[in-house]
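*Asks:* Turn this into a model:
(one chain, ligands or ions: 1)
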Amino acid sequence: MSRPSWHERVERERAERDAGQRRRHRRRVTQRDGARCQVDGHSLLNFCGNDYLGLSQHFAVVGALQDAAAREGAGGTASHLVCGHHAHHEALERELADWLQVPAALLFGSGFTANLAVMQALLDDGSICVQDRLNHASLIDAARLAGCRLRRYPHADAEGAIRQLRSLPDGLAMLATDGVFSMDGDIAPLRQLALVARVQRALLYVDDAHGIGVVGPNGRGSVAEAKLGVQDVPLQLATLGKALGSYGAVVAGDADLVGHLAETARPYLYTTALPPAQAAATLAAVKLARSDQWRRDKLRDLAGRFRARALAAGLPLLDSDTPIQPVMCGSEASALAMSAALEQAGYWVAAIRPPTVPDGRARLRITLSALHGPGDVDGLVDALAHARDRHPIEAAHAS
Ligand SMILES: Cc1ncc(COP(=O)(O)O)c(C=O)c1O
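*Replies:* Sure, this is the predicted structure:
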């Protein structure tokens, strides 16, 4: 028999990752107190998480989790359509729909699962899905698994999107984009994309994992920031594990579409419901995200301060106004060296390398949080400039 060996395959692929400096290792956090973490025995100030509003350890959020867990237990016990659907889930769905000003919302265990569900339930081999080239991996994988025709357009290029849609005029069409791009921090041209979707009768789906809570009026995200409503964006995704500091995701929008997902999406039907206590914690976080405008104001000030100082220090940034502020490094080696130098100085900023970002576009994805103070940002910029002086960034790659 000539069947190849699994071990040989795994070893070959590991050797390839070694050669390209693409090995990945998990770091172990033993304690977390705000933005400060104990990581493998060292105290580091974290600048690479997604707890943008600083809610994950808020006493009201943790208190709601504890109270609900004491009464309801730790688990979800079953899928929603069997016996796992709880009043805490429904209260959270209602609150999210009210906040986002849409008719309906449906909870999922994670953003990745939610994207799989949306595409699997709405697309098939007769449909087309048109996506921004820099969309999150879960959107790309979801379209591939749905079996539809997947076409990608250049980043943030609405003309490119319409060209792709025109090239396949038959079959149901979905136009899918990140709202805030996860690795670049810029915001999709949603008003233009909404126009393209209308003209092409495509369903515009916005994955606002990094926009919700952070941008837009009352933190309602990039769809609200673009002054669009459910008639323009019939479905949007909000993750609950980033700015909301909890876990899970919600797909929100048109009631018929959301109802269709609840009855037909296999990643919704055949999985255990989110623990009700987690939903209770998220509800507390949503209330804070709605009321605490100061967290967004602080984030905006911190991002402005970071940009002004980093640009004055000659660091290569991307054009982003959000708390995601990438410092471009070019090669994997450069990103790893910069990340290690920052760690020496007491800052935790993971190196982001291909395939998460395109070849030659490795970076430090710096993220700001309302937990940081101005002095933290100043210290980080000094450490970045110092690291760059010791490990020069290849300018050709960094822009
Ligand atoms: C744009 C985007 N969509 C979806 C996800 C997946 O969300 P989750 O972490 O809840 O699975 C992420 C990040 O993880 C993301 O950045």
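*Asks:* Count the neighbours of the closest residue to residue 270 other than its chain neighbours for me.
*Replies:* Nearest residue to residue 270 in three dimensions, chain neighbours excluded: residue 79, at 6.6 Å (C-beta to C-beta, 6 or more residues apart in numbering). For every residue, glycine as well, the C-beta is placed using N, CA and C. By other C-beta atoms under 10 Å, the residues close to residue 79 number 15.
*Asks:* Use 44 as the first number for this chain going forward.
*Replies:* All right, first residue 44 from here; so that's residue 122.
*Asks:* show me what contacts residue 122?
*Replies:* Residue 122 makes contacts with 311, 312, 313, 314, 315, 316, as judged by C-beta atoms under 8 Å, 6 or more residues apart in numbering.
*Asks:* what's the burial count for the third one?
*Replies:* Residue 313 has 9 neighbours, counted by other C-beta under 10 Å.
*Asks:* Low-confidence bits of the stretch 294-442 of the chain, can you list those?
*Replies:* Low-confidence segments of the stretch 294-442 of the chain, defined by pLDDT under 70: 437-442.
*Asks:* Okay, helices next: where are they in it?
*Replies:* For the stretch 294-442 of the chain, helices defined by DSSP state H, counting those that start in this stretch occupy the ranges 298-307, 309-312, 319-334, 336-355, 375-387, 417-433, 438-441.
*Asks:* What of the stretch 94-243 of the chain?
*Replies:* 102-115, 130-143, 154-165, 180-189, 201-210, 233-243.
*Asks:* Out of the ones you listed, the one nearest residue 369 is which?
*Replies:* For residue 369, the closest of these is helix 180-189, at 16.8 Å, according to C-beta to C-beta.
*Asks:* pLDDT on that closest one, on average?
*Replies:* If you average the pLDDT over helix 180-189, you get 98.
*Asks:* which helices and strands does that helix pack with?
*Replies:* Helices and strands touching helix 180-189, by 3 or more C-beta pairs under 8 Å, 6 or more residues apart in numbering; DSSP states H and E, are helix 154-165, strand 171-175, strand 192-196, strand 216-221.
*Asks:* Which residue does this protein have closest to the ligand?
*Replies:* With C-beta to the nearest ligand atom, the shortest gap between the chain and the ligand falls at residue 154, namely 2.3 Å.
*Asks:* so that residue touches residue 252, yeah?
*Replies:* Yes: with contact defined as C-beta atoms under 8 Å, residue 154 counts as touching residue 252 (5.2 Å).
*Asks:* Are there residues contacting both of these two? Which ones?
*Replies:* 280, 282, 292.
*Asks:* Just these: which are in strands?
*Replies:* 280, 282, 292 (DSSP state E).
*Asks:* Give me the most central residue, the chain.
*Replies:* Residue closest to the average C-alpha location in the chain (C-alpha atoms, centre = their mean): residue 252, at 4.0 Å.
*Asks:* Using the three-state scheme, assign that one.
*Replies:* Following DSSP: H, G, I helix; E, B strand; the rest coil, the label given to residue 252 is coil.
*Asks:* Just grab the bridge partners of the residue nearest to it when sequence neighbours are not counted for me.
*Replies:* Closest residue to residue 252 apart from its sequence neighbours, by C-beta to C-beta, 6+ apart: residue 282 at 4.1 Å. Per DSSP bridges, the residues bridged to residue 282 are residue 292.
*Asks:* Verify the stated contact: residue 282 with residue 292.
*Replies:* Yes: between residue 282 and residue 292 there is a contact under C-beta under 8 Å: 4.7 Å.
*Asks:* Identify the contacts common to those two.
*Replies:* With C-beta under 8 Å, 6+ apart, residue 282 and residue 292 have common neighbours 153, 154, 252.
*Asks:* Thanks a lot, see you next time.
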